[in-house]
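Trainee: Quick one, structure for this:
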Amino acid sequence: MKSLPATFTTRAALQAGVHPRDLYHWRDDGEVIELSRGVFRHADAPEPSLPELLAVGMRAPEAIVCCVSAAVAHGLTDEMEPAVQIAVSSARSAPRIVYPPTSVFRFDAETFEVGLSQVEAAPGEFVRIYDPA
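Mentor: Numbering: from 1, shown residues only. The predicted structure follows:
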């Protein structure tokens, strides 16, 4: 288990040779915490500052945090968002994420990565996000 990063997916665990039975045993024993379906974090890892963004970023690594979610992460608003807002390229299919609640916007493929930045969602773990401008 220690060979896996602080936050990892089921796929990463399987590729590291972890049997699914062991992964769910770790979850049931509290050794790992399930942030979202198929996204786990070591229980002894430092607390993430943006756990919802971290979970969504792991589930949809090609997506970019946008709109109100980006404004909240950049400290530009104190609005309570009902769902994590992410953008995907119009050339890709939209991810289906139930938890944390997620709203998906489709942005033009040609300008999709304009203004792209990163935010540290947990120590040493970054999520793609649009910059404040």
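Trainee: In contact with His19, which residues?
Mentor: Applying Cβ atoms under 8 Å, 6 or more residues apart in numbering, we find His19 in contact with no residue. Just so you know, the C-beta spots here come from the backbone N, C-alpha and C atoms, and that holds for glycine as well.
Trainee: ok, now with 10 Å
Mentor: His19 is in contact with Ala13, His25, counting by Cβ atoms under 10 Å, 6 or more residues apart in numbering.
Trainee: Tell me how far it lies from Gln118.
Mentor: 33 Å (Cβ to Cβ, to the nearest Å).
Trainee: ok, Val65 to Ala91 distance?
Mentor: 19 Å.
Trainee: These two: who's more crowded?
Mentor: Counting neighbours by other Cβ atoms under 10 Å for Val65 and for Ala91 shows that Val65 has the greater number, 28 against 10.
Trainee: Per-residue pLDDT of the most centrally placed residue in the chain, please?
Mentor: The residue lying closest to the centre of the chain (Cα atoms, centre = their mean) is Gly57, at 2.4 Å. pLDDT, Gly57: 95.
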